[in-house]
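Enquirer: 3D model of this:
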Amino acid sequence: MQRAVVLGGSIAGLMAARVLSDHADDVVIVERDGLGPADTGRPGVPQIKQLHVVLEGGRLQMERWFPGLTAELIADGAVPSEGDAIEHYFDGVLKVPVAEETTIGLTRPFLEGRIRDRVLGRDNVRLVPGLVRGLLFERGKARGVRFAPGGAEDATETETLTADLVVDATGRSSRVEHWLKDAGWQPPRLDRMRIDLRYTTALFERGDELPGVAVVQSLSAPAPAGTPQHDFGVAAEVEGGRWMVVLSAYGQPPNRDAATFVKRVRDTPGAPFAKIAGCRLDSDVETYQMADSRRRTFTGLDRFPAGLVVVGDAFASFNPIYGQGMSSAALHASCLSAFLCSGERLDEPAWGYFRRAEVVVDAAWGLSTLGDLALPHVMGPYPRGYRLTSWYVEKLVTASMTDAEVNRRYLAVAHMREHPRVLTGPSTMWAVARTLRARRRAPAPAPAS
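Expert: Presented below is the predicted three-dimensional model:
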């Protein structure tokens, strides 16, 4: 290709630009925020100050495209952890640890800034500040983009960039449906699942209150309708010797009051949260709301323009408590690479890319929405076989509390390293049944004297 244009400089856009740099003479990222300060992130990302998670599956893909990135992040202050340093609580009870589980604690601007430096350090990649106004189409193909230079909302003048391939990485608010409809194309189907999630993040100073622990997660079974639901909580040690804590709740109005947040941290099931709540608050309390999870489906369309692909949250945006966003974006980039290396023609629709990427989307969507559907306020749509699947997942989670092998497989799927089908394979189902049978046969604890 002579030129590829990426719309948006998010993690998804940066990953796509890195892949395209192997295939195009000129790669242009059109980003409304321009470069932005590396330490605070882009103002166009309202959730930039919330806790973000790099799942192991996503980290491996990032390392693939940026060799040495993990070591660089750790050298600059990111916090690696594995095994016993990661504690998962369910209904306040600690799950059996998994020696193979690994994660890395850092803030979103810290990660995005270093990826951006790597991408823009490539000779054939450049960033143009601009606000996307629409796509250019010609003879059944996306031929470029029209944008307002500088990124100002009230700008009246526009410029155009022609391209052999356009990548939409403009996030969950993407206007790809409107761009397609305005040009006479059928838009993709947009599915939404209303979740009404509110989450809150703040930083605490870290001391010696939890030696040897770097990540704590607390999840509770859904409470019956009309009764209070415990917060979903995650605390991760990040650069600068700090705890970053996020609490998620459904339907509750956001509250930035520091004392209220500290009390919520203290009341989160799992003993470590009370200890973290005793640390000094080291930031403002930041809130964010997400009304729904959403996904776009492209492979069911009869017609689609050549020269256009969609990545990241513009493709699918999931409930953030599962941490799938950045890792999905990294996997989409690898799907784009596989498509570009396959020899498929760029003057035809990129069905090969969309088929590959929808495997990632389907897996992540199925996993996150299954958990959401257990909440009393989520009204569907319910997938076929939902009752049987939810019954089995409940047994799987129970077995994962004490069986390290079941928990290892569960976490491999949660970290997007394995496909969810691993959890319904014969060996896993047998392990779940064996563990539950052993629990039933275990002698009851002696009554307290």
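
Enquirer: Could you list the low-pLDDT ranges of the stretch 1-150 of the chain?
Expert: Segments of the stretch 1-150 of the chain classed as low confidence (criterion: pLDDT under 70) are 35-46.

Enquirer: Could you say which helix or strand holds the residue lying closest to residue 424 once chain neighbours are set aside?
Expert: Closest residue to residue 424 in three dimensions, ignoring its sequence neighbours and counting by C-beta to C-beta, 6 or more residues apart in numbering: residue 392, at 7.4 Å. C-beta here means a position set from N, CA and C on the backbone, and glycine is covered the same way. Assigned by DSSP states H and E, residue 392 belongs to helix 386-400.

Enquirer: what's that helix packed up against?
Expert: If you count contacts as 3 or more C-beta pairs under 8 Å, 6 or more residues apart in numbering; DSSP states H and E, helix 386-400 packs onto helix 351-373, helix 404-414, helix 426-441.

Enquirer: Repeat the analysis, applying 6 Å as the threshold.
Expert: Packed against helix 386-400, as judged by 3 or more C-beta pairs under 6 Å, 6 or more residues apart in numbering; DSSP states H and E, are the following elements: helix 404-414, helix 426-441.

Enquirer: From residue 370, how far off is the residue nearest to residue 424?
Expert: Distance from residue 392 to residue 370, counting by C-beta to C-beta, to the nearest Å: 10 Å.

Enquirer: Ok, residue 80 next?
Expert: 30 Å.

Enquirer: before we move on, what about residue 434?
Expert: The span separating residue 434 from residue 370 equals 23 Å under the rule C-beta to C-beta.

Enquirer: Likewise for residue 315?
Expert: With C-beta to C-beta as the criterion, residue 315 and residue 370 are 19 Å apart.

Enquirer: Counting neighbours around each, name which of the two comes out higher.
Expert: For the pair residue 315 and residue 370, the greater number of neighbours falls to residue 315 (29 against 16), based on other C-beta atoms under 10 Å.

Enquirer: Which strands or helices does the longest strand along the chain pack on?
Expert: The single longest strand within the chain, with elements called by DSSP state E, is strand 189-205. Strand 189-205 is packed against strand 242-250, strand 286-297, with contacts defined by 3+ C-beta pairs under 6 Å, 6+ apart.

Enquirer: now the angle from it to strand 242-250?
Expert: Note on geometry: by axes from the mean of the first three to the mean of the last three C-alpha atoms, to 10 degrees, strand 189-205 and strand 242-250 are set 140 degrees apart in direction.

Enquirer: which residues touch strand 189-205?
Expert: Residues outside strand 189-205 that contact it (C-beta atoms under 6 Å, 6 or more residues apart in numbering) are 50-51, 242-244, 246-252, 254, 261, 276, 279-283, 285-290, 292-297, 319, 369, 372.
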